[in-house]
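# got a structure for you, letters missing:
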């Protein structure tokens with residue numbers, strides 16, 4: 001299943017059912033799991049671990065050294081889970097020692113053409129990164145997010161579960177879960193109600209999130225006090241996830257735009 005024109009290092013561990021296309025380069029300390037397909041002209045450097053049934057398209061650069069001035073060749077890693085689609089010209093960097101040593105990609109993600117995921121990012125599961133979305137170092141993206149094409153995310157930002165950005169958004173602060181954001185710099189424009197309905201969230205939960213958004217993120221009084229009061233009052237799980245994310249934000253969350 002390895003094309004004879006591919007360049008595979010002797011130390012690479014490739015499952016017998018994996019496929020490696022012509023002119024691809026697989027470097028040392030690379031592990032590729034069962035059923036993963038690597039197209040032609042892909043470069044994978046190690047240490048990199050790739051799980052099962054991933055689809056990696058041509059010209060992708062996987063596991064190359066991080067774009068960090070302080071990197072001095074330390075043996076950091078890239079870890080990719082199962083069933084990810086990694087399209088053309090995607091770049092995924094290994095971690096840095098100061099950032100914990102790992103860049104992590106979860107399961108069932110669609111990473112479209114020209115996406116860049118920098119060192120020490122942690123990407124969850126069932127995420128869509130549209131064409132040319134770019135994540136600077138140390139970014140966390142939680143499960144079920146969608147980042148529109150050409151979305152830019154500043155280093156050390158977090159993006160909460162089920163969040164959605166429009167094309168060309170530029171995020172310089174944390175983006176709370178279940179929210180929509182747009183603009184450069186991005187502003188919150190409401191709850192991602194269409195996406196939540198498609199994922200099976202109840203109307204009651206969506207309504208509760210909209211009320212919490214209006215009170216906490218659009219309100220004018222002290223935000224910390226509003227968050228604590230609502231946490232004491234509500235038992236709705238989705239609202240508690242939203243409030244806890246805001247409470248624990250280190251960079252501060254995106255500002256809300258006009259209603």
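In hand now; what should we look at? Everything numeric here is computed off the predicted structure, so don't read it as measured data. Numbers count the residues shown, from 1 in each chain.

# what secondary structure does residue 214 sit in?
With DSSP: H, G, I helix; E, B strand; the rest coil as the basis, the three-state label of residue 214 is helix.

# number of nearby residues for it?
14 (other CB atoms under 10 Å). Every C-beta, even on glycine, is put in place using the N, C-alpha and C of the backbone.

# quick one: it from residue 152, how far?
Distance, residue 214 to residue 152, using CB to CB, to the nearest Å: 27 Å.

# and what of residue 206?
28 Å.

# ok, now residue 53?
30 Å.

# so which of these two has more stuff around it?
With neighbours defined as other CB under 10 Å, residue 53 and residue 152 compare such that residue 152 has more, 20 against 17.

# not counting sequence-adjacent ones, nearest residue to the more buried one?
Of all residues not flanking residue 152 in the chain, residue 170 sits nearest, at 4.5 Å (CB to CB, 6 or more residues apart in numbering).

# check residue 61 too.
residue 91 (4.8 Å).

# tell me the contacts of that neighbour?
Going by CB atoms under 8 Å, 6 or more residues apart in numbering, residue 91 touches 60, 61, 64, 115, 116, 117.

# count the residues that sit near the third one.
Residues near residue 64, counting by other CB under 10 Å, number 16.

# between the contacts of residue 91, which is closest to residue 242?
residue 117 (25.2 Å; CB to CB).

# that closest one contacts residue 137, correct?
No. At 9.6 Å, residue 117 and residue 137 do not qualify as touching, with contact defined as CB atoms under 8 Å.

# neighbour count winner among the two?
Ranked by neighbour count (other CB under 10 Å), residue 117 and residue 137 place residue 117 first, with 27 against 21.

# for the nearest residue to residue 2 once chain neighbours are set aside, give the beta-bridge partners.
Spatial nearest neighbour of residue 2, chain neighbours left out: residue 20 (4.4 Å); criterion: CB to CB, 6+ apart. Listed by DSSP bridges, the beta-bridge partners for residue 20 are residue 2, residue 38.
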